[in-house]
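Student: Could you work out the structure for the sequence below:
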Amino acid sequence: MRRIWPTIALAALLTACGGGELTLSEYASQAEDLVAEMESQFESLDAAWESQVPSAEGARTYWDGRLDIRAEFLDGVRELDPPAAVEDQHAAALDVFARITAADEALAERADAFETITDHWQWVDTPEGRASDALLQEVFAFCRASQADFDATKDLEGLKDLPWIPSEMTEVVSVAFGCPEG
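Tutor: Numbers count the residues shown, from 1 in each chain. Here you go, the predicted model:
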């Protein structure tokens, strides 16, 4: 129970400070939907690319699609209206996703510079490919940390029936971002 009291105090402070219009659960659910849609689109795009003979034109089409997916996802995150409790986490999400998008843009330029494409993932072993992969590892770490933060709200479930604690301070958030293992 000692661990719960600092969480209650923090939740009270965050609740009093205002913030977005979404509840924590609504925000997390919308973020979860954005992640799921992006992952589904990446899986389809990767499968289509791997099903064809590698070519410069195919690589350009692949990268156009990949950058469109990144931009759509980043726009979706920007459109979310985070509750006060996750404003810092939301700002961190915008930062890490803007950086991975920029890294993928640089990698797309590198891929476009190849005169011939003989391997589906030829650009991976380039400075831009390594930089993109390093940022992708940051994205995965951010994903795991966010998942852990939302999972920690389960500790508040036992407080739901206490009438003197506002319901927004005992909100349990259940999401599954599907983060890769670390």
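
Student: Now the helix or strand harbouring residue 57: buried residues?
Tutor: Assigned by DSSP states H and E, residue 57 belongs to helix 56-79. Within helix 56-79, the residues scored as buried using 16 or more other C-beta atoms under 10 Å are 59, 62-63, 65-66, 69-70, 73-74, 76-77. (Glycine included, C-beta is placed from N, CA and C.)

Student: Residue 94 against residue 78, yeah?
Tutor: Yes. In this structure, residue 94 is within contact of residue 78 by C-beta atoms under 8 Å, at 6.6 Å.

Student: Tell me the gap between the helix or strand containing residue 146 and the middle of its chain.
Tutor: According to DSSP H and E, residue 146 maps onto helix 127-151. Put simply, helix 127-151 sits 8 Å off its chain's centre (C-alpha atoms, centre = their mean, to the nearest Å).

Student: Can you name the next helix or strand after the lowest-mean-pLDDT helix or strand in the chain?
Tutor: Here the helix or strand of the chain ranked lowest by mean pLDDT, DSSP states H and E is helix 4-16, holding a mean of 35. Per DSSP H and E, the first helix or strand lying C-terminal to helix 4-16 is helix 24-50.

Student: what's the angle from that next one to helix 127-151?
Tutor: 150 degrees (axes from the mean of the first three to the mean of the last three C-alpha atoms, to 10 degrees).

Student: Show me what counts as buried in helix 24-50.
Tutor: Using 16+ other C-beta under 10 Å as the test for burial, helix 24-50 gives 24-28, 30-32, 34-35, 38, 41, 45, 49.

Student: Of these, which is the nearest to residue 87?
Tutor: If you rank these by distance to residue 87 using C-beta to C-beta, residue 27 comes first, at 10.2 Å.

Student: who touches the closest one in this structure?
Tutor: Counting by C-beta atoms under 8 Å, 6 or more residues apart in numbering, residue 27 touches 20, 80-83, 86, 90.

Student: ok so, going back, from the contact counts, what lies against the helix holding residue 57?
Tutor: helix 24-50, helix 87-113 (3 or more C-beta pairs under 8 Å, 6 or more residues apart in numbering; DSSP states H and E).

Student: The contacts of residue 27 into CSV, with extra columns for neighbour count, distance to residue 136 and pLDDT?
Tutor: As requested, the contacts of residue 27 are arranged in CSV below (neighbours: other C-beta atoms under 10 Å; distance: C-beta to C-beta, whole Å; pLDDT from 0 to 100):
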residue, neighbour count, distance to residue 136, pLDDT
20, 17, 28, 46
80, 19, 21, 95
81, 12, 27, 94
82, 23, 23, 94
83, 24, 28, 91
86, 24, 22, 87
90, 21, 20, 94
